[in-house]
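Peer 1: have a look at this prediction, sequence included:
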Amino acid sequence: DALHIQKNVVGKYTQNNNWANLRPVFGHLKPSEISQRVVDGYVQKRQAGLVGKQPTKDGEPLLPAKDATIRREPGALRACLNWCAKDERRLIAKTDVPTYTLPEEGEPKDRWLRSSEIDAMLSAAREMREARKDECHRYSRGERFLWLALHTAARKQAIYELTWDRVDFEIGMIHYDVPGRKKTKKRRAAVPISAALMPVLQQAYKERENEFVMTNKGEMWATIQSIAVRAGLGVRGQPAGVTNRKPKATGISPHTLRHTAATHMARRGVPLYTIAGVLGNTMAMVEAIYAKHCPAAMRDAVNMIPSGKD
């Protein structure tokens, strides 16, 4: 952990969370004792909600993990063991690195917010702020995150780390990349400030408390869930406005906002290569996920199909 994750891995929280879930099954095993049978047993237990890190509240049950999470965790373990076996480290023997097949990838999430749902989220965030007795005039962290995520399609970590010196009001650009930051596959783009976002950012700048646009780097997951519940966006089949379920039942996460922004761009005819530039993703990835939301790209082609005439 100290040798690699804390120094080199950008997503430290995710990796630490992976190990918290893996530890009950793999923590007492030697690398040579990890087999396909052990991994398959772990997958089955995670699917049934029988293993994983303990809930934060006493008496709260473990929940079944999602397919993507179940696949990611043993994959992270294998990557860690391979790193330990590298020639320059030799923390374990290469022959002790287990070989096993990861579970099949599940269906990708395609939850995105319609325009009415976006309006409901923003209204709910504003109402929650106005309900506070102290400093109700300041944009809340929830509002700032919603506006930035929906209008720039940035990843949550990029928004958490955004500082005011990288918000260029003069030319209307937000530079999400942090100077000197370790480069990863998750590239951070420079994104224009939309006409709708500009007054929000200008007001937030006047209200700033420190160098961070979000004031601090604290997680926003729980806040987004609370806003979604207030907006009446619960699980499918749950009546709007019902708030007696846990926030996680909403199915709306910070990443949902990024996916929403990209989906709306595609539906409004923005070229996929432009969307790729805004997201900082490869063209292949954007085509795989968002081409289905971009009918204009194929409309000219289908209009060329003969209608019974040679």
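Peer 2: Noted; the coordinates are in hand.

Peer 1: what does stretch 83-96 contact?
Peer 2: Stretch 83-96 is contacted from outside by His4, Lys30, Pro31, Ser32, Leu81, Val97, using Cβ atoms under 8 Å, 6 or more residues apart in numbering. The C-beta positions use only the backbone N, C-alpha and C, and glycine is treated the same way.

Peer 1: please repeat the previous calculation with a cut-off of 7 Å.
Peer 2: Stretch 83-96 has contacts (Cβ atoms under 7 Å, 6 or more residues apart in numbering) with His4, Pro31, Ser32, Leu81, Val97.

Peer 1: stretch 174-192 too?
Peer 2: Contacts of stretch 174-192 (Cβ under 7 Å, 6+ apart): 10, 152, 154-155, 158, 161-162, 166-168, 172-173, 193, 277-280.

Peer 1: show me which pair in the contacts of stretch 83-96 is furthest apart.
Peer 2: The widest separation within these, taken as Cβ to Cβ, falls between His4 and Ser32 and amounts to 20.6 Å.

Peer 1: what bits of the stretch 101-250 of the chain have low per-residue confidence?
Peer 2: 106-108, 133-136, 234-249 (pLDDT under 70).

Peer 1: all helices of it, in order?
Peer 2: All helices of the stretch 101-250 of the chain, identified by DSSP state H, counting those that start in this stretch, fall at 115-130, 141-152, 156-160, 197-206, 221-230.

Peer 1: let me have these in a markdown table, adding distance to Lys109 and mean neighbour count as columns.
Peer 2: Converted to a markdown table, the helices of the stretch 101-250 of the chain look like this (distance: least, Cβ to Cβ, whole Å; neighbours: other Cβ atoms under 10 Å):
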| stretch | distance to Lys109 | mean neighbour count |
| --- | --- | --- |
| helix 115-130 | 15 | 16 |
| helix 141-152 | 15 | 23 |
| helix 156-160 | 15 | 21 |
| helix 197-206 | 25 | 15 |
| helix 221-230 | 15 | 20 |
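
Peer 1: ok, which of those comes nearest Glu287?
Peer 2: helix 141-152 (21.1 Å).

Peer 1: for that closest one, packing partners?
Peer 2: For helix 141-152, the packing partners by 3 or more Cβ pairs under 7 Å, 6 or more residues apart in numbering; DSSP states H and E come out as helix 115-130, helix 156-160, helix 197-206, helix 221-230, helix 254-267.

Peer 1: of those, give the one that comes closest to Gln15.
Peer 2: Nearest to Gln15, of all the helices and strands packed on helix 141-152, is helix 156-160, at 13.2 Å by Cβ to Cβ.

Peer 1: distance to Ala48 added to the helices and strands packed on helix 141-152, as TSV?
Peer 2: Conversion of the helices and strands packed on helix 141-152 to TSV gives the following (distance: least, Cβ to Cβ, whole Å):
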stretch	distance to Ala48
helix 115-130	32
helix 156-160	29
helix 197-206	44
helix 221-230	24
helix 254-267	25
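
Peer 1: circling back to that earlier point, make a PyMOL selection of the buried ones in the contacts of stretch 174-192.
Peer 2: Remark: buried members of these, expressed as a PyMOL selection using 16 or more other Cβ atoms under 10 Å:
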select buried, resi 152+154+155+158+161+162+166+167+193+277+278+279+280
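
Peer 1: circling back: would you turn the helices of the stretch 101-250 of the chain into a markdown table with distance to Asp40?
Peer 2: A markdown table is the format used below for the helices of the stretch 101-250 of the chain (distance: least, Cβ to Cβ, whole Å):
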| stretch | distance to Asp40 |
| --- | --- |
| helix 115-130 | 39 |
| helix 141-152 | 37 |
| helix 156-160 | 32 |
| helix 197-206 | 47 |
| helix 221-230 | 30 |
